[in-house]
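# Compute the structure for the input listed below.
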Amino acid sequence: MKIPYGKIKIAIPNNSILIKLLNPDKEEDFIRYGVYKVVKN
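Coordinates of the predicted model:
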C-alpha cells in the first residue's frame with residue numbers, strides 16, 4: 001500500500017484513520033482529507 005503524504009488527524013472506528021492530505025508541489029485553495037482503512041495481512 002502506498003502511504004499518502006499528509007498528517008494523521010484522528011483514528012476512527014472500524015480500523016480507519018482520517019488523514020489531512022498535503023501536496024507539497026502546489027498551494028491549494030482547499031483542504032483535502034482521506035479516510036484509509038488499516039488491515040492486517
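
# How about the contacts made by Lys9?
17-20, 33 (C-beta atoms under 8 Å, 6 or more residues apart in numbering). Quick note: C-beta positions are derived from backbone N, CA and C, even for glycine.

# Find me the pLDDT at it, would you?
For Lys9, the pLDDT comes out at 89.

# next SSE after the helix or strand containing it?
Under the criterion of DSSP states H and E, Lys9 resides in strand 6-12. Later in the chain than strand 6-12, the nearest helix or strand by DSSP H and E is strand 16-21.

# any idea of the mean pLDDT for the next helix or strand after that following strand?
Once the chain leaves strand 16-21, the next helix or strand it forms, by DSSP H and E, is strand 32-37. Across strand 32-37, pLDDT averages out at 89.

# how about strand 32-37: buried residues?
Tyr36 (16 or more other C-beta atoms under 10 Å).

# Name every strand pairing with it and say which way it goes.
strand 16-21 (antiparallel) (DSSP bridges).

# Please list the residues outside the strand it pairs with that contact it.
4-12, 31-38.

# change it to 7 Å
Outside strand 16-21, the residues that touch it by C-beta atoms under 7 Å, 6 or more residues apart in numbering are 4, 6-12, 31-38.
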